[in-house]
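quick one, fold the following:
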Amino acid sequence: GATSRTWRKALGGRPLVVGWGRPVTIDRAVDFLTADEATENDLDDLIRRYLLGDAPVPAEVEVRHSPLAPAAGVGRSADLTSRLDGVVAMLSARITPSRDPAHCVEMDVPLGQEAQGRKRWHKAKIFVLDGMEAYCEGELLLGVECDVGELSNVVDLPMLLAGIDRNRYARVSLVSGEKEMPRIVTQGFLPLARVRDADIAALVYQVADYADLLEKRIFGGDMG
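The predicted model follows:
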């Protein structure tokens, strides 16, 4: 996870150190210890692949380019809390206390029903920032960013970059993390002046849904 480089060095540089990239909870620990044919990074998969099989232990991830700062960390919340009232109602979402209220508004977004009827949620950070690309310099953009998890040596890059079979507003990006490893996020942007509530709802939902899909694909679970 966030300190995998430190752990690997402390253990002699050889062991494979695995982490979720998020605080460990009882549910996540049970998910990791429970065999599941739909995932590839649970404990049984790692034992089968690296101890019983002959797969080489992945080398440490080498980050050759410094990832950008998270867009949500350089944006601003402006008057979004009141602007998002209609979007919150449309998505049946909920505004939650933000760790950085000057830079973004945080929203828990419901994403649908799992087989057992439990609704999934994903946290989205919503913010405003200035456009810097040609023909939109200085135009206010509405941005949405959702966390997927930390880049590590068990993240399969083809799985991360394979995309999905639906056209959408969201993209995947790599940003700097709070500790040693970069973080995988999904992002999306729209011109603020021309968006309706339905456009914002579509952007928020699609960015959150893409992050949720990547979490399931890469880490084998719903991390919130």
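
and the average pLDDT for the longest helix out of those in the chain is what?
Across the chain, the helix with the greatest residue count (assigned by DSSP state H) is helix 197-214. The pLDDT scores in helix 197-214 average 94.

so which bits of that helix are buried?
Residues of helix 197-214 classed as buried by neighbour count (16 or more other C-beta atoms under 10 Å): 197, 200-214. Where C-beta positions appear, they are placed from N, C-alpha and C, glycine not excepted.

nearest to A72 among those residues?
V207 (11.1 Å; C-beta to C-beta).

so that closest one sits against S173, correct?
No. With contact defined as C-beta atoms under 8 Å, V207 does not count as touching S173 (10.8 Å).

which is the next helix or strand following the worst-scoring helix or strand of the chain on mean pLDDT?
Counting by mean pLDDT, DSSP states H and E, the weakest-scoring helix or strand in the chain turns out to be helix 4-10, with a mean of 69. Going down the chain from helix 4-10, the next helix or strand is helix 26-33, by DSSP states H and E.

just the CA atoms of that next one, as PDB, please.
Coordinates of the C-alpha atoms in helix 26-33 are reproduced here as PDB (Å, rounded to 0.1, in the frame of the first residue of the first chain):
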ATOM      1  CA  ILE A  26     -12.600  -6.000   9.100                       C
ATOM      2  CA  ASP A  27     -14.600  -6.200   5.900                       C
ATOM      3  CA  ARG A  28     -11.600  -5.600   3.600                       C
ATOM      4  CA  ALA A  29      -9.500  -8.100   5.600                       C
ATOM      5  CA  VAL A  30     -12.200 -10.800   5.300                       C
ATOM      6  CA  ASP A  31     -12.600 -10.100   1.500                       C
ATOM      7  CA  PHE A  32      -8.800 -10.500   1.100                       C
ATOM      8  CA  LEU A  33      -8.800 -13.800   3.000                       C
END
